[in-house]
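**Q** coords below, sequence missing:
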């Protein structure tokens, strides 16, 4: 799997900040964000399958998601 780095949270002061990547083989987005551990938020979302997790992803990073999508917002990733 070849991942292409798109961008990291510009307001982060660490090396392990929220980031956006694209899987070059599938076009899938790979998102790194803050794990949700707040019980109230988890309860509102409900049961999450064991092979999934929920993350908080800063809205200020939406431009990176659009860039990973080819910048057109069409809903399908341009590879």
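**A** Cool, the structure landed. Note that this is a predicted model, so its numbers are computed, not measured. Numbering: from 1, shown residues only.
**Q** Residue 21 bridge partners, please.
**A** Residue 21 has these beta-bridge partners by DSSP bridges: residue 5, residue 30.
**Q** where do the strands sit along the chain?
**A** With DSSP state E as the criterion, the chain has strands at 3-8, 19-23, 29-32, 34-35, 55-56.
**Q** Any chance you could list what contacts stretch 13-25?
**A** By Cβ atoms under 8 Å, 6 or more residues apart in numbering, the residues outside stretch 13-25 that reach it are 1-9, 12, 28-34, 55, 57-58, 61, 64-65, 67-68, 77, 79. Any C-beta I mention is one placed from the backbone N, CA and C, and that applies to glycine too.
**Q** So which bits of that stretch are buried?
**A** By 16 or more other Cβ atoms under 10 Å, the buried positions in stretch 13-25 come out as 17-22.
**Q** circling back: buried subset of the contacts of stretch 13-25, written for PyMOL?
**A** The buried residues among the contacts of stretch 13-25 can be selected in PyMOL (16+ other Cβ under 10 Å) with this line:
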select buried, resi 6+8+9+30+31+33+57+61+64+65+68
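**Q** Could you measure from residue 6 over to residue 31?
**A** 10 Å (Cβ to Cβ, to the nearest Å).
**Q** and if you look at residue 23?
**A** 11 Å.
**Q** what's the closest non-adjacent residue to residue 34?
**A** Here the nearest residue to residue 34 in space, its sequence neighbours aside, is residue 56; by Cβ to Cβ, 6 or more residues apart in numbering that works out to 4.5 Å.
**Q** pLDDT score for that neighbour?
**A** Note for residue 56: predicted pLDDT of 90.
**Q** wait, what's in contact with it?
**A** Contacts of residue 56 by Cβ under 8 Å, 6+ apart are 33-36.
**Q** how about the helices in the chain?
**A** For the chain, the helices defined by DSSP state H cover 39-45, 62-68.
**Q** between those helices, which gets nearest to residue 51?
**A** Among the helices of the chain, helix 39-45 comes nearest to residue 51, with 15.6 Å by Cβ to Cβ.
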